[in-house]
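J.: Attaching a predicted model along with its sequence, questions to come.
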Amino acid sequence: MIRRLLVLAASFSLITAGVTAQPEGESFADWLGGFRTRLVASGVEEATAAAMLDGLQPQMRIIESDRSQPEFVRPLWSYLDIAASDLRISNGRAAFAENRDAVDDIAAHFGVRAEILIAIWGLESSYGAIPGNNDIVQALATLAWEGRRRSWAEAQLVAVAEMLESGYATRAQLTGSWAGAMGQMQFIPTTYLERAHDWDGDGQRNIWTDPEDALASAANLLAREGWRVGAPTLLEVRVPAEFDFAAWDPGQSRLVSEWAMLGLLPAAGEWQADHLMRAARLELPAGGQGPGFLTFPNFRVIKRYNNSTSYAIGVAHLADRIAGEAPLVGPWPLDNPPINRSQTREVQAGLNALGFDSGTPDGLAGPNTRAALRAFQRAHGLLADGYVGRAMYEAVIAAQAGNTD
């Protein structure tokens, strides 16, 4: 099955060589006709292409949603208020209790933490209650036509064709999120083909209406990505005022015992002996004035599910709360929220103009932007945390204005 998908994808790639982002003025009908031709030429049956694409129209709200994903524009503390709300915690505990035997068996079989599975289930579909009712073929076709992620979206549509031709799903079953993810654990089509699991042995990998198949599929994904049995995921810490932020490397792992020697303390309680000899990174998603987090390898496994720091913190924290652990301590820098994408582009352009290379301004505060901002902060004697918030927006804009006077 995977081999056939690879053959289809390779054939499709050869046929689509040179086809990139949406040409100016390209209509949806133009894209759809070209894609259909390429899809059939790659080996997909005409009947499958017709079932997928006949009568398809774009959905413009999908493009709007793609450009404003909550985990990338909402302050982390606001995101966590929703991701780990009291209602979601209580519903998670109830869902765990109702499915306890199956979840424990699945977790033991794949070597993953049961509460993490429940937390992902809660964030992805409110424990199966809201798996999404968007036509994922329409969603993926809209994203492909828009062009920003054309190659990715078209690859997902090729995987949909494989699902249909292999009998894994019917056309009517292909519903999910506006982003093209399906079922109770929100698998994209390629992930479904690679990781979906038939837990109950009925011959179907039913991630839509069978919670056990859905949970086992998520467990299989985490296990394949390197989940470490019994290891921690996330630990909130207090970073001392005298911490050397200028020397801090966000991508560097140190033993927790070394972080402790640098003055870090657990936000609550004492260091656990099991933690001290494990390696972790220090992350400051709300800057040096907010809480710090030591993140362990399992944290990065969650990011393989969704490559968002906010999402991974949300999953880890929700899992802990479902397990009965305490809320995060904080405090959060409520007066210094992250800035929006237009402001981020201004910061990027300002940093570039000041000689701190952040790359092409795109409104996304990625590693290059944070590195450039840290260089700016060091040069101006500021706390070098790389946090792209309101305070640094004002500082960069002011420095740029002063540089041009």
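T.: Okay, I see it. Numbers count the residues shown, from 1 in each chain.
J.: Might you list the low-confidence residue ranges for this structure?
T.: Counting by pLDDT under 70, the chain contains low-confidence residues at 1-24, 68-73, 404-405.
J.: Show me the domain layout of it.
T.: In the assignment given by automatic domain parsing, the structural domains of the chain cover 1-57+141-170, 234-322, 341-404.
J.: how far does the second one stretch from start to finish?
T.: Using C-alpha to C-alpha, to the nearest Å, the end-to-end distance of domain 234-322 comes out at 15 Å.
J.: In the stretch 301-405 of the chain, what residue spans correspond to helices?
T.: Secondary structure of the stretch 301-405 of the chain, counting by DSSP state H, counting those that start in this stretch: helices at 309-322, 341-353, 367-379, 390-404.
J.: Distance to residue 218 and mean neighbour count added to those helices, as TSV?
T.: C-beta coordinates here come from the backbone N, C-alpha and C atoms, glycine included. Written out in TSV, the entries for these read as follows (distance: least, C-beta to C-beta, whole Å; neighbours: other C-beta atoms under 10 Å):
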stretch	distance to residue 218	mean neighbour count
helix 309-322	11	24
helix 341-353	30	19
helix 367-379	28	19
helix 390-404	36	15
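J.: Reformat the ones you listed as JSON lines; add distance to residue 49.
T.: Listed next are those as JSON lines, based on distance: least, C-beta to C-beta, whole Å:
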{"stretch": "helix 309-322", "distance to residue 49": "34"}
{"stretch": "helix 341-353", "distance to residue 49": "36"}
{"stretch": "helix 367-379", "distance to residue 49": "40"}
{"stretch": "helix 390-404", "distance to residue 49": "48"}
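J.: Ok, which of those comes nearest residue 279?
T.: Checking these against residue 279 by C-beta to C-beta gives helix 309-322 as the closest, at 16.7 Å.
J.: isn't there a strand covering residue 223?
T.: No. Assigned with DSSP: H, G, I helix; E, B strand; the rest coil, residue 223 falls outside any strand and is helix.
J.: Dump the domains of the chain into JSON lines; add distance to residue 189 as well.
T.: JSON lines is the format used below for these (distance: least, C-beta to C-beta, whole Å):
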{"stretch": "domain 1-57+141-170", "distance to residue 189": "4"}
{"stretch": "domain 234-322", "distance to residue 189": "15"}
{"stretch": "domain 341-404", "distance to residue 189": "25"}
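J.: out of those domains, nearest to residue 109?
T.: Comparison of the domains of the chain against residue 109 by C-beta to C-beta identifies domain 234-322 as nearest, at 16.9 Å.
J.: now that closest one: how far from the chain's centre is it?
T.: Offset of domain 234-322 from its chain centre (C-alpha atoms, centre = their mean, to the nearest Å): 18 Å.
J.: And for stretch 49-60?
T.: On C-alpha atoms, centre = their mean, the centre of stretch 49-60 falls 27 Å from that of its chain.
J.: Straight-line length of it, end to end?
T.: Using C-alpha to C-alpha, the distance between the terminal residues of stretch 49-60 is 22 Å.
J.: list the buried ones in it?
T.: With burial defined by 16 or more other C-beta atoms under 10 Å, the residues of stretch 49-60 counted as buried are 49, 51, 52, 53, 56, 58, 59.
J.: Same check on stretch 123-137?
T.: Along stretch 123-137, the positions that meet the burial threshold by neighbour count (16+ other C-beta under 10 Å) are 123, 124, 125, 126, 127, 128, 131, 132, 134, 135, 136, 137.
J.: Please apply the same query to stretch 98-118.
T.: Counting neighbours by 16+ other C-beta under 10 Å, one finds that the buried residues in stretch 98-118 are 99, 103, 106, 107, 110, 112, 113, 114, 115, 116, 117, 118.
J.: Contacts for that stretch next, please.
T.: Counting by C-beta atoms under 8 Å, 6 or more residues apart in numbering, stretch 98-118 makes contact with 92, 95-96, 127, 199, 211-212, 215-216, 218-220, 222-223, 227, 229, 233, 298, 302, 315-316, 319-320, 322-323, all of which sit outside it.
J.: Please convert the buried members of the residues you listed into ChimeraX selection syntax.
T.: When burial is assessed using 16+ other C-beta under 10 Å, the buried subset of the contacts of stretch 98-118 is captured in ChimeraX by this command:
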select :92,95,96,127,199,211,212,215,216,218,219,220,222,223,227,233,298,302,315,316,319,320,322,323
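J.: what's the closest non-adjacent residue to residue 379?
T.: Ranked by C-beta to C-beta, 6 or more residues apart in numbering and with sequence neighbours excluded, the top spatial neighbour of residue 379 is residue 356, at 7.7 Å.
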